[in-house]
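1. Build me a model:
(2 chains)
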Amino acid sequence: MTVTLPNSEADRSRALDLLGAANTRLVSIFGSTDDNHVRYVHYLIDVNGREYRMLSSPVTGSIPSATPIVPAAAWYERELHDQYGIECEGHPDPRPLLFHENWPENVHPMIDDASHVPWAEGQYHFLRVHGDGVCEVPVGPIHAGIIEPGHFRFSVVGDTVLHLELRHFYTHKGTEKLFENTPVMDAVMIAESVSGDNCFSHAVAYCQAIENAFAISVPPRAQAIRLIGLELERMLAHIADVGALCGDVGFTVPAAYTARLKETLLQASTRFFGTRFWRGIAVPGGVTRDLSSAETGEFGRMVTAAAREFAQMARLILHTSSVQNRFESTGILTAEIAKQLAVVGPAARASGIGLDVRRDHPTGRYRDINVDVPQYTHGDVLARARIRIDETAISTHLINETLRELPAGSVLVPVPLSGNAEALSAVESPRGELLYWVRIRDGKITRCHIKSPSFQNWPAVPLAMPGNIIADFPLINKSFNLSYSGCDR
Amino acid sequence: MIGDAVERSLRSPRVLISVSELFSNAAGSRMPDVQPDLLTDEVARRVVAACPTPALKVDEAAGRKYLVLNYGECIACSRCVAAGEGAFRYTERVARCGVRREALIRRWDIQSRAEVVQDEPALSQAAEQIRALVGQALNIRQVDAGSCNGCEGEIVALTNPYYDLERFGIHFIASPKHADMLLVTGPVTRNMAAALKNAYDAVPSPKLVVAVGACGCSGGIFAGGHAVVGPVDAVIPVDGYIPGCPPTPSMLLTGILQVLRPFSSPWRRRKS
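-> Residues are numbered from 1 along each chain as shown, chains lettered A, B, ... in the order given. The predicted structure follows:
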């Protein structure tokens, strides 16, 4: 349920008051401009864990920063400044976020002409840790493996990490700007390219936002197929993550085993849906592929078989002492920090914060079913691994339930290609709450904001590091497994 | 319990895909192919209108009309397959992997309904040198220069038991200083341009660069964005291109091998 209150200056202070309350969670802060080029700031807040509330107000001059009230606002307000040139007074860290030294200070692409931006040569200042024996270890942006780029600056004494500073946005592609003036039906392809391994979650979140904007009822069969795709994407992510965690502690046998299982599921997708990653399946109005009844049974059997093999291997993994030794009490994210940074997804659930969009803000088929939300309290690598193992089983169950009672009927309805509207929609992607907010003018997107779980969760990763040894960083980082492109956009 | 995991793993089915099944197989890539005998002016008009990137266009030269398909710009959205009235379908084999830029483009004469066949451009000099130097062994440094991570997922899949890249003596390595080839994904972002250039400079010569994915080949859906510089060859020289969004593991494998080999006989050396 979304309530958009009238826009006024008072809404901004009401938003800040609301953010200070115990029963709220910051979902996102973002900017927009109206038809008269007036800049707006939007605060998106989850109230009582059940209701998204958006408060918007026009901006003239600077605004007071929400970061001193909610640390989770820090990156959003830095992004707001980079995109819209809105100053947030009292922000403890107003350094540029999206743009690096090559970007001139005074160009804000959402309000300025950004077609030919000159190259600049600025300087970036990392936080310095001083003291006897403190060394700095810079890592990245290019890492040792086949991973996305980002920079990690460790301050260490011996092997022990005192402080880790992140520097991201190497893959920043100005994606939100690319949505502008794109026809509603085309923009889903941009959404699919925000974070490749979660492309279906992005596509569904975008499509649902469009459908909400135009009050379109998606056929139940299409909703069911979307659920299957979303849960399969979660299975793929979790199976791969558990395998990769084993790889990071030198236990390569389960790593190869899970890689095989993941590929089995990708090939099942190819066989039944014509695509390995479900690109092109979700479109505004429904889905582009249907399953015959014969296919339904076989697809379900393949998913179940892979899940069973995974569950058996997972049991062996968790009972292996060298795995326990490395996973347990490593990279603890405390519930308190997770709450302050409004962490979402498996990372939140492993730190005792039971958030799940599928249960708390259900859309589509999720409105009709119960979703178990596993929860652990230790906040360590082991807890995040356990969440993934448990959720793989739950996803398998959801897929099978849905396949068993696949509603009859069509899978696609037309959507208006013109008209003005705005709306939001959220899905629980494998990494957590993923939310799209769209504004449509004459059938084209004029603003699309993407609240990505990776943008939300990255600031928490460095806070799980102090006291751990630098050699455990790959393991800890993998246990969060955040998307760089999804964060950087 | 380590022993149990190993034992379980040993009992798992053998899934390795044979070379002949893999080479140029494009199943699941959603890349289009053209049935020339069904090509008409109307079909050409429709598919060009449906294409969200400049991958499809109609060229007119000397009074004749040509349908042009540039695989390097194709984001595999499959709209042409839906709009093409049978003249477009999903391709099962993509041979245009690991080729030079010009070879990504195919042309059909719309009136005569026939493909205009071009000569395969010669391999780069670096490819010949490396082929002579390394034979079957190849060290690859992968660089994500701004990708959405879709390509990375498929590159990682190359190491799974189905594809097992290591059987060809091909390894992914950590340092560009040990690399023969850079496998570069993404539209190169402004923020990654300098790092990509540094990585390229760190690779000893002779070196090969392969641009991967629609974004690496042409900028893909991000082309023209304010925060991207462009395709990989806007920043460093590129020897071979692998299209796809994302390219499947078999397309990647085909492309990596093809860069080192003459187009028509991929397995000549191995068989002899």
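
2. Name the SS class of the residue lying closest to A:Val117 once chain neighbours are set aside, please.
-> Closest residue in space to A:Val117, ignoring its immediate chain neighbours: A:Val107 at 5.4 Å, by Cβ to Cβ, 6 or more residues apart in numbering or on different chains. From N, CA and C alone the C-beta is placed, and that goes for glycine too. When classified by DSSP: H, G, I helix; E, B strand; the rest coil, A:Val107 comes out as coil.

3. what's the answer for B:Ser20, then?
-> Per three-state DSSP, B:Ser20 ends up helix.

4. Pretty sure A:Ala240 sits against A:Arg260.
-> No. A:Ala240 lies out of contact with A:Arg260 (Cβ atoms under 8 Å); the separation is 11.1 Å.

5. more neighbours, the two?
-> Neighbour count, other Cβ atoms under 10 Å in any protein chain shown: between A:Ala240 and A:Arg260, A:Ala240 has more, with 25 against 19.

6. Looks to me like the more buried one is in a helix.
-> Yes. A:Ala240: assigned to a helix according to three-state DSSP.

7. Name the nearest residue to it, ignoring sequence neighbours.
-> Counting by Cβ to Cβ, 6+ apart, the residue nearest A:Ala240 is A:Lys262, at 5.0 Å.

8. Can you report how many residues neighbour A:Phe273?
-> A:Phe273: 25 surrounding residues under other Cβ under 10 Å.

9. thought it was touching A:Ile281?
-> Yes. In this structure A:Phe273 lies within contact range of A:Ile281 using Cβ under 8 Å: 6.3 Å.

10. okay, and the common contacts of these two?
-> Both A:Phe273 and A:Ile281 are in contact with A:Gly229, A:Arg289, where contact means Cβ atoms under 8 Å, 6 or more residues apart in numbering or on different chains.

11. can you tell me which residues contact the closest residue to chain A within the stretch 101-250 of chain B?
-> The minimum distance from the stretch 101-250 of chain B to chain A, using Cβ to the nearest Cβ, falls at B:Gly150 (2.5 Å). Going by Cβ under 8 Å, 6+ apart, B:Gly150 touches A:Ser193, A:Gly196, A:Asp197, A:Cys199, A:Phe277, B:Gly213, B:Cys245, B:Pro246.

12. And B:Pro231, by the same measure?
-> Applying Cβ under 8 Å, 6+ apart, the residues near B:Pro231 are B:Gly72, B:Pro187, B:Val188, B:Ala211, B:Cys215, B:Gly216, B:Cys217, B:Ser218, B:Gly219, B:Ala223.

13. if you set the cut-off to 7 Å instead, what comes out?
-> Taking Cβ atoms under 7 Å, 6 or more residues apart in numbering or on different chains as the contact definition, B:Pro231 lies against B:Pro187, B:Ala211, B:Gly216, B:Cys217, B:Ser218, B:Gly219.

14. Okay, now the unreliable bits of the stretch 51-200 of chain A?
-> For the stretch 51-200 of chain A, no stretch has pLDDT under 70.

15. Next, the distance between the ends of stretch A:444-459.
-> Using Cα to Cα, to the nearest Å, one end of stretch A:444-459 lies 33 Å from the other.

16. Equivalent analysis for stretch B:64-75, please.
-> 28 Å.
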